[in-house]
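**Q** predicted model follows, preceded by the sequence.
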Amino acid sequence: MGTAGTSIDETAGERRQLINVAYRLLGSLAEAEDAVQEAYARWYALPRSRQEEIVSPGAWLTTVTGRICLDVLGSARARRERYVGAWLPEPLPGRAGWDHGHGTDPADQMVLDESVTMAFLVVLESMTPAERVAFVLHDVFRYPFAEIAGVLGRTPAACKQLAASARRRVGAARPPVTAARQADMVRHVKEAWETKDIAALVGLLDPAAVMTADGGGIVSAALRPVEGAAPIARYMAALTGRAPGLELLEWPVNGVPGLVVRQAGAVTAVASFDVADGRVTRIWVVRNPEKLRPWARVGEAHEQPDRT
């Protein structure tokens, strides 16, 4: 069955799904939008007769987007070797925090679930590009291996093996705590951070906790991960001491409770947390302003965030 009469609206309706796929593959909303834009450019460049031969435009666009993302992931490894300090995925604000000032924001089309938490995205970063594509498309979006084979240029059996390998990496990660438990822990961290209570912070952190910061060489940030409860607590307290007027807001980050740091009304950092056994085990702090553009209006009107 062909697609004669496929409308622009029909193919445009795939955009939400494609943005969601590409963000999980790349960990960057900006790069995801570029990948999807390129996929649509290739679709519209096809002759009308060729478009009508394609049974499922959505599947075609997904395959092309996946291939573009695979190329980006391949080149990203070399680019990240030149990146100043640690590279972290681009954080996404809770629904109430989207910056709507420039028309339709691709962030509006994101589905915020457990597959976009910072902890999950960091695990995805440990995979090879092929593993990541196979795992995300199959385990997160339920695409059959026969379709994934067309993206990776491998057999369905090989794609199945790649997904299994990736699944083992994810399986080694701890399951997330409940949103309520995470929110309580984040609130306690916020209170101790605001008061520079080092002892309280140490008590909230796992002794082997790790904090990773991403400044991208644009703003100051620890170039290497800070390890251990006491060093992290001192680092956090020092940040507060060097930045008078610092404001901490509890806000959903990639769908789970986190903290937003504002100074003089501008968002300067976004912190994500991993919690296990009643203590914070990992903190990821994104300070690179290029990754904070979707956060421009968070807290602007002091509205309550959407915690769903």
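**A** Yes, it's here.

**Q** elements contacting the longest helix along the chain?
**A** Among the elements of type helix in the chain, defined by DSSP state H, the one spanning the most residues is helix 57-81. When contacts are defined as 3 or more Cβ pairs under 8 Å, 6 or more residues apart in numbering; DSSP states H and E, helix 57-81 sits against helix 8-12, helix 15-26, helix 29-45, helix 129-135, helix 145-152. C-beta here means a position set from N, CA and C on the backbone, and glycine is covered the same way.

**Q** out of these, which gets nearest to R77?
**A** Nearest to R77 among the helices and strands packed on helix 57-81 is helix 129-135 (8.0 Å), distances taken as Cβ to Cβ.

**Q** coming back round to it: what does the longest helix of the chain rub up against?
**A** Identification of contacts with helix 57-81 by Cβ atoms under 8 Å, 6 or more residues apart in numbering yields 3, 6, 10-11, 14, 17-18, 21-22, 25-26, 31-32, 35-36, 38-40, 42-43, 51, 54, 87, 129-130, 132-133, 137, 143, 147-148, 150-152.

**Q** redo that, cut-off 6 Å
**A** For helix 57-81, contacts defined as Cβ atoms under 6 Å, 6 or more residues apart in numbering pick out 6, 11, 14, 18, 22, 25-26, 35-36, 38-39, 42, 54, 87, 129, 133, 150-151.

**Q** please list only the buried members of those residues.
**A** The neighbour-count test (16 or more other Cβ atoms under 10 Å) applied to the contacts of helix 57-81 identifies 6, 11, 14, 18, 22, 25-26, 35-36, 38-39, 54, 87, 129, 133, 150-151 as buried.

**Q** pipe the helices and strands packed on helix 57-81 into JSON lines and attach distance to A264 and mean pLDDT per row.
**A** Conversion of the helices and strands packed on helix 57-81 to JSON lines gives the following (distance: least, Cβ to Cβ, whole Å; pLDDT from 0 to 100):
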{"stretch": "helix 8-12", "distance to A264": "39", "mean pLDDT": "66"}
{"stretch": "helix 15-26", "distance to A264": "30", "mean pLDDT": "95"}
{"stretch": "helix 29-45", "distance to A264": "25", "mean pLDDT": "95"}
{"stretch": "helix 129-135", "distance to A264": "38", "mean pLDDT": "97"}
{"stretch": "helix 145-152", "distance to A264": "45", "mean pLDDT": "96"}
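
**Q** and T117, which of these is closest to it?
**A** Closest among the helices and strands packed on helix 57-81, once you apply Cβ to Cβ, is helix 15-26, at 10.9 Å.
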